[in-house]
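Engineer: Below: sequence and its predicted model.
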Amino acid sequence: MKRQNRGQGAGRIDREILNAQLRHWENVFSEAEDMFGLEPSEPARMAAELFQAEGTERILELGAGQGRDSLFFACSGFSVHALDYAEKSTATLMEKARQFDLSARITVIRHDVREPLPFDDETFDACYSHMLYCMAMTTKELENLSSEVRRVLRPRGLNVYTVRHTGDAHFGVGVCRGEGLYETGGFVVHFFSGEKVKRLAKGYDLVGIDEFEEGDLPRKLFRVTMRKR
């Protein structure tokens with residue numbers, strides 16, 4: 001795959017291309033109901049330890065996909081509201097919650113996080129998302145999302161998210177879609193710099209930016225922990 005201009009601002013945003021990612025994810029989830037397996041991700045395990053230490057009860061999970069982390073959080077005793085914008089993934093997650101007798105602990109909602117979150121102010125103790133922030137969203141949409149998460153968090157609530165960063169092997173590879181977005185293999189990924197993390201931390205105390213690796217490439221990611229001011 002050809003490596004393109006690695007500049008964060010290179011390329012122009014094409015809304016139709018970003019919007020087409022929904023169809024792509026619907027197709028992906030239709031082909032495999034356990035695309036990422038059933039075992040929870042390592043970021044979810046670490047977040048659960050942090051949330052338990054904080055006395056967290058209600059978690060908002062964004063971009064829950066097929067629910068491997070949602071199920072883990074529910075089994076760990078948390079009440080989880082799991083959001084995803086793909087119809088197939090939310091249907092799969094609801095069925096898994098039923099099969100594992102976790103429907104009372106998991107509320108599944110189909111929602112596009114580019115729109116305002118469908119919750120009242122200060123509804124949740126914590127928010128968690130694994131690679132949702134590096135989906136096909138513009139920087140402005142990410143700023144709005146970060147602000148919305150802050151709105152629905154209780155005072156001093158935590159927002160923990162992971163993103164692929166600019167040290168990743170796929171950064172600068174494929175077709176540049178603007179603002180650090182690159183498309184390879186049909187997937188549009190938003191790669192983060194440390195500056196972008198700080199830009200999205202408005203209204204939060206930035207507790208930590210930790211680097212880790214995941215998968216066979218391996219993917220290189222930030223785990224960002226922010227606390228609502």
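Structural biologist: Happy to help now that I have it. All figures in this text were calculated on a predicted structure; none of them were measured in a lab. Numbers count the residues shown, from 1 in each chain.
Engineer: alpha carbons only for contacts and neighbour counts from here, please
Structural biologist: Fine.
Engineer: Wait, a helix at Phe222?
Structural biologist: No: counting by DSSP: H, G, I helix; E, B strand; the rest coil, Phe222 is not part of a helix but strand.
Engineer: Report the beta-bridge partners for it.
Structural biologist: Taking DSSP bridges as the rule, Phe222 bridges to Val163, Glu211.
Engineer: how close does the residue most central in space within the chain sit to Arg114?
Structural biologist: Nearest to the mean C-alpha position of the chain, counting by Cα atoms, centre = their mean, stands Leu132 at 2.1 Å. Using Cα to Cα, to the nearest Å, Leu132 is found at 11 Å from Arg114.
Engineer: what's next to stretch 78-92, contact-wise?
Structural biologist: Outside of stretch 78-92, the residues within contact range by Cα atoms under 8 Å, 6 or more residues apart in numbering are 22, 25-26, 29-30, 33, 56-67, 70, 73-74, 105-113.
Engineer: Next step: those restricted to strands.
Structural biologist: 58-62, 106-110 (DSSP state E).
Engineer: Now render the residues you listed as CSV, adding distance to Gly178 and pLDDT.
Structural biologist: Listed next are the ones in strands among the contacts of stretch 78-92 as CSV, based on distance: Cα to Cα, whole Å; pLDDT from 0 to 100:
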residue, distance to Gly178, pLDDT
Arg58, 36, 98
Ile59, 32, 98
Leu60, 29, 98
Glu61, 27, 98
Leu62, 23, 98
Ile106, 36, 98
Thr107, 35, 98
Val108, 32, 97
Ile109, 30, 97
Arg110, 27, 96
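Engineer: just how off-centre is the lowest-mean-pLDDT helix or strand in the chain within its chain?
Structural biologist: Every helix and strand in the chain was compared by mean pLDDT, DSSP states H and E; the lowest is helix 21-31, with a mean of 75. Put simply, helix 21-31 sits 16 Å off its chain's centre (Cα atoms, centre = their mean, to the nearest Å).
Engineer: if we can go back for a sec, which SSE is the residue nearest to the centre of the chain in?
Structural biologist: Here Leu132 sits in a region with no helix or strand, counting by DSSP states H and E.
Engineer: Am I right that it is in contact with Asp112?
Structural biologist: No: contact between Leu132 and Asp112 fails when scored by Cα atoms under 8 Å: they sit 11.1 Å apart.
Engineer: This protein: helices as residue ranges?
Structural biologist: With DSSP state H as the criterion, the chain has helices at 15-19, 21-31, 42-54, 68-75, 87-99, 139-152, 194-199.
Engineer: how about the ones you listed in JSON lines, adding distance to Val224?
Structural biologist: Output for these, formatted as JSON lines (distance: least, Cα to Cα, whole Å):
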{"stretch": "helix 15-19", "distance to Val224": "24"}
{"stretch": "helix 21-31", "distance to Val224": "24"}
{"stretch": "helix 42-54", "distance to Val224": "10"}
{"stretch": "helix 68-75", "distance to Val224": "17"}
{"stretch": "helix 87-99", "distance to Val224": "25"}
{"stretch": "helix 139-152", "distance to Val224": "12"}
{"stretch": "helix 194-199", "distance to Val224": "8"}
